[in-house]
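Novice: sequence first, predicted model second:
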Amino acid sequence: MTSFKPVADRALLVEFGDRIAPEIHAQVLRLDRLLALSPPPGMVEVTPAYANLMISFDPLLTDHSALQSAVQTVLTGPEPASGQAHSHDLGVCYDADLGTDLAQVAQMTGMSPDAVIAAHLAAEYRVYLYGFAPGYAYLAGTPPALHLPRKPAAVRDIPAGRVIIAGPQCIVTTLKMPTGWWIIGSSPTKILRHGPQPFLFAVGDTVRFHRIGRDQHDAM
Amino acid sequence: MTQCDIRVRLAGPLCSLQDAGRPGFLRYGVPGSGPMDRAALSVVNAALGNPPGQAAVEVSLGGLGLDCLAGEVSFAVAGGGFQVLLAGRSLAPWTVGTLRAGQSLTLRAGDWGSWALIGFAGQVRGTEWLGSLSTHSQSGLGGGAVTTGQRLRIDQAEVRPTREGDLPLPDWARPAPQTRVTIGPQERFFDRQVQAAFLGPGFALSQGYDRMGVRLQGPRLPVNAALDMPSEPILRGAVQVAGDGVATVMLADHGTTGGYPKLATLIGADLDRFVQQRSGDPVRFVAVTPTQAVAAARAAHADLQSYLAELAQPRPSLAQRLMQANLISGVTDGA
């Protein structure tokens, strides 16, 4: 059931559910594609998340009810060509001075560090959304054996490039920021870049990781 | 090309280059940034005859001191009620003047207001990120922070004598006793009496105030359910309540998604005057409907546009004014 919530004078929140699930996220992405193909008058920007998307608009050009009608019309429209999901393969170095929480993750999950690495490498991840900070792509797909709650308090100044996990999620950090997630490795691949394609991933893309040595990590 | 070279003698924390902002990248985790007080940017650019949205320097309560080393450039100041000192002379809080080689310009916190903008008749040199000079404070991406000791270089610097003079300070620019919000979008996490408490007395801005947001002090606003919601998009102006029941109003450099519920959202018409309040100032929220919020946005836009249209009229330069005065008095004398 789709629900619409007006937000202040300038946004409409369209909700397809209230949990993280592939079938709900598929509806979010479908509407995102439909809106990109036929943007309603006055629409400014669309922010897709796990179960809903926020459509911000210019209140001088439209209002909540006009936009809601436009979205309802768009939703009944023809199925859009499914988005071009790309797959990415990122190298990760799991050395202990980079993956500073790897030993503790192993201890908390009752696995050996090598088994934690193997589990992390075996999974396929999917980009659900960007959030928190520029280029922070929330990947879902961390295997259940590695699901841990976040730390009780965030740790400051975690460098860019760290591979961090919490619950079913995984992020490769892009800026020096605090995090309460578990740091298991580091990737030299830049997600936040300069140039014509400033963000490596699109929402809906799939990601796999492969292990690299320290030389290769430091060379990039 | 005429260049103006300025040394930053002193810059408080959080002074930065800001243009109209960086819309379109929320989906990549990038907030809109831009000035805390967006109307003030429109004012400085209109007052100088610049194109709208041209980059300016945002000044925090810590103030800004500039020494002009070479060249000359007209500037405009608007935003909060700051003290403006040009070559030792005090100007109005909203003003247009010209800074010349050897002169100093100082902005200091005044009676009210948290943020001022100083724009220039020329282009402030800086590095664009994603098509905008606006500075994202946490990463420093964009035009960048303005810090003590650095140089500001203004390209195509011009002196615009017909723009000089003090500007009227409109009522809509000052903080208001009430700040209008719409309730939601995640009000389901709060009992009715908690929603009512949010609209009651006792709230003030806390010391935790930067470009990302301002934490409120006041009654706790406990959530009534487990915080298991998946991260949702955040709008500038959202009132997000963390697990400890403390509310934060998300501002220019806000995180783009969050897993804490948003009890209310400030309407766009009140955002600029809200940020001009200071830590310790009381705030009182009042709920309006989304329809009323849209009407308020349109009314505020009309107010701003009519003010800007007044500013767009060039004023006679001092020399022209003196000449007119002489001519008139000459005519009078001869009669």
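Specialist: Yes, it's here.

Novice: spit out the contact partners of whatever residue of chain A ends up closest to chain B.
Specialist: Residue of chain A nearest chain B, by CB to the nearest CB: A:G131 (3.1 Å). For every residue, glycine as well, the C-beta is placed using N, CA and C. Going by CB atoms under 8 Å, 6 or more residues apart in numbering or on different chains, A:G131 touches A:A49, A:Y138, B:G29, B:S231, B:G255, B:T256, B:T257, B:G258.

Novice: what's near enough to touch the third one?
Specialist: When contacts are counted by CB under 8 Å, 6+ apart, B:G29 touches A:Y130, A:G131, A:F132, A:A133, A:P134, A:G135, A:Y136, A:A137, B:G255, B:T256, B:T257.

Novice: could you say what helices and strands the longest helix along chain B packs with?
Specialist: The longest helix of chain B (DSSP state H) is helix B:290-312. Where contact means 3 or more CB pairs under 8 Å, 6 or more residues apart in numbering or on different chains; DSSP states H and E, helix B:290-312 is packed against helix A:64-75, helix B:38-48, strand B:179-183, helix B:268-275.

Novice: give the buried residues for the longest helix seen in chain A.
Specialist: Taking DSSP H as the criterion, chain A has its longest helix at helix A:22-37. For helix A:22-37, burial by neighbour count (16 or more other CB atoms under 10 Å in any protein chain shown) applies to A:I24, A:H25, A:Q27, A:V28, A:L29, A:R30, A:L31, A:D32, A:R33, A:L34, A:L35.

Novice: nearest spatial neighbour of B:R22, skipping sequence neighbours?
Specialist: B:S132 (4.0 Å; CB to CB, 6 or more residues apart in numbering or on different chains).

Novice: that neighbour touches B:G142, doesn't it?
Specialist: Yes. Using CB atoms under 8 Å as the test, B:S132 is close enough to B:G142 to be in contact (6.3 Å).

Novice: shared neighbours, the two?
Specialist: B:R22, B:S33.

Novice: tell me which residues in the longest helix of chain B are buried?
Specialist: Buried residues in helix B:290-312 (16+ other CB under 10 Å): B:290, B:293-297, B:300-301, B:303-304, B:307-308, B:311.

Novice: ok, back up a step: so after the longest helix of chain A, what's the next helix or strand?
Specialist: Using DSSP states H and E, the helix or strand that directly follows helix A:22-37 along the chain is strand A:43-48.

Novice: now do the strands in the stretch 201-335 of chain B.
Specialist: Per DSSP state E, counting those that start in this stretch, the stretch 201-335 of chain B carries strands over the ranges B:203-209, B:213-217, B:232-233, B:238-241, B:247-250, B:257-258, B:262-266, B:282-283, B:285-287.

Novice: got the contact list for the longest one?
Specialist: Strand B:203-209 is contacted from outside by B:114, B:214-219, B:247-248, B:277-285, using CB under 8 Å, 6+ apart.

Novice: could you identify the buried members of the residues you listed?
Specialist: B:S114, B:V214, B:R215, B:L216, B:Q217, B:G218, B:A247, B:T248, B:Q277, B:R278, B:V283, B:F285.

Novice: name the nearest of those relative to B:L235.
Specialist: Relative to B:L235, the closest of the buried ones among the contacts of strand B:203-209 is B:T248; by CB to CB it sits at 13.3 Å.

Novice: the closest one bridge partners, please.
Specialist: B:R215, B:Q240 (DSSP bridges).

Novice: swap in the one 10 residues further on?
Specialist: Under the criterion DSSP bridges, B:G258 forms beta bridges with B:E232.

Novice: and the gap between it and A:M54?
Specialist: 12 Å (CB to CB, to the nearest Å).

Novice: at the geometric centre of the chain, which residue do we find?
Specialist: Assuming you mean chain A. Taking CA atoms, centre = their mean, the centroid of chain A lies closest to A:Y138, which sits 2.3 Å from it.

Novice: wrong chain, I was asking about chain B
Specialist: B:D37 (2.1 Å).

Novice: that one against B:W94, yeah?
Specialist: No. In this structure, B:D37 is not within contact of B:W94 by CB under 8 Å, at 11.8 Å.

Novice: circling back: rank the buried residues of helix B:290-312 by pLDDT and give me only the lowest.
Specialist: Among those, B:L311 carries the weakest pLDDT, at 90.

Novice: just for the chain, where's the confidence low?
Specialist: I'll assume chain A. Counting by pLDDT under 70, chain A shows low-confidence ranges at A:83.

Novice: let's do chain B instead
Specialist: If you take pLDDT under 70 as the line, chain B has these spans: B:1, B:227-228, B:316-335.

Novice: and the closest residue to chain A within the stretch 151-300 of chain B, how many neighbours?
Specialist: Nearest residue of the stretch 151-300 of chain B to chain A, counting by CB to the nearest CB: B:T257, 3.1 Å away. Counted with other CB atoms under 10 Å in any protein chain shown, residues neighbouring B:T257 total 24.

Novice: related to what we said a few turns ago, A:Q169 is in contact with the residue nearest to the centre of chain A, correct?
Specialist: Yes. Counting by CB under 8 Å, A:Q169 is a contact partner of A:Y138 at 5.6 Å.

Novice: give the contact list for the residue sitting furthest away from the middle of chain A.
Specialist: Note on chain A: the largest C-alpha distance from the chain mean falls to A:L60, namely 32.1 Å (CA atoms, centre = their mean). Contact analysis of A:L60 by CB under 8 Å, 6+ apart lists A:G42, B:A297, B:R298, B:H301.

Novice: swap in B:R215?
Specialist: B:S206, B:G208, B:Y209, B:V246, B:A247, B:T248.

Novice: and which of the residues you listed is nearest to B:Q18?
Specialist: Out of the contacts of B:R215, the member with the shortest distance to B:Q18 (by CB to CB) is B:Y209, at 16.9 Å.

Novice: which ones are touching residue 124?
Specialist: Let's take chain A. A:E124 neighbours (CB under 8 Å, 6+ apart): A:G141, A:T206, A:V207, A:R208.

Novice: you looked at the wrong chain, it should be chain B
Specialist: Here B:V124 is in contact with B:L17, B:A55, B:A56, B:V57, B:L133, B:G143, B:L152, B:R153, B:I154 (CB under 8 Å, 6+ apart).

Novice: now it: phi and psi?
Specialist: Dihedral pair for B:V124: phi -70, psi 130, per degrees, to the nearest 10.

Novice: which one of the contacts of A:G131 is nearest A:H147?
Specialist: Nearest member of the contacts of A:G131 to A:H147, counting by CB to CB, is A:Y138, at 14.7 Å.

Novice: so does the host helix or strand of the closest one get close to chain B?
Specialist: A:Y138 is part of strand A:137-140 when elements are defined by DSSP H and E. Yes. Using CB under 8 Å from any CB of the partner chain, strand A:137-140 reaches chain B at A:A137, A:Y138.

Novice: that strand pairs with which strands, and in what direction?
Specialist: Strand A:137-140 is paired, per DSSP bridges, with strand A:125-130 (antiparallel), strand A:169-172 (antiparallel).

Novice: what residues does it touch?
Specialist: So strand A:137-140 is contacted by A:20, A:125-131, A:168-172, A:191, A:199-201, A:207, B:29, B:231 (CB under 8 Å, 6+ apart).

Novice: are any of those buried, and which?
Specialist: A:20, A:125-131, A:168-172, A:191, A:199-201, A:207, B:29, B:231.

Novice: list the residues that contact A:L146.
Specialist: Contacts of A:L146 by CB under 8 Å, 6+ apart are A:V105, A:T109, A:V116, A:A119, A:H120, A:I165.

Novice: for stretch B:115-133, measure first residue to last.
Specialist: 18 Å (CA to CA, to the nearest Å).

Novice: only the buried residues of it, if you could.
Specialist: For stretch B:115-133, a neighbour-count test (16+ other CB under 10 Å) marks B:115-124, B:126, B:129-130, B:132-133 as buried.
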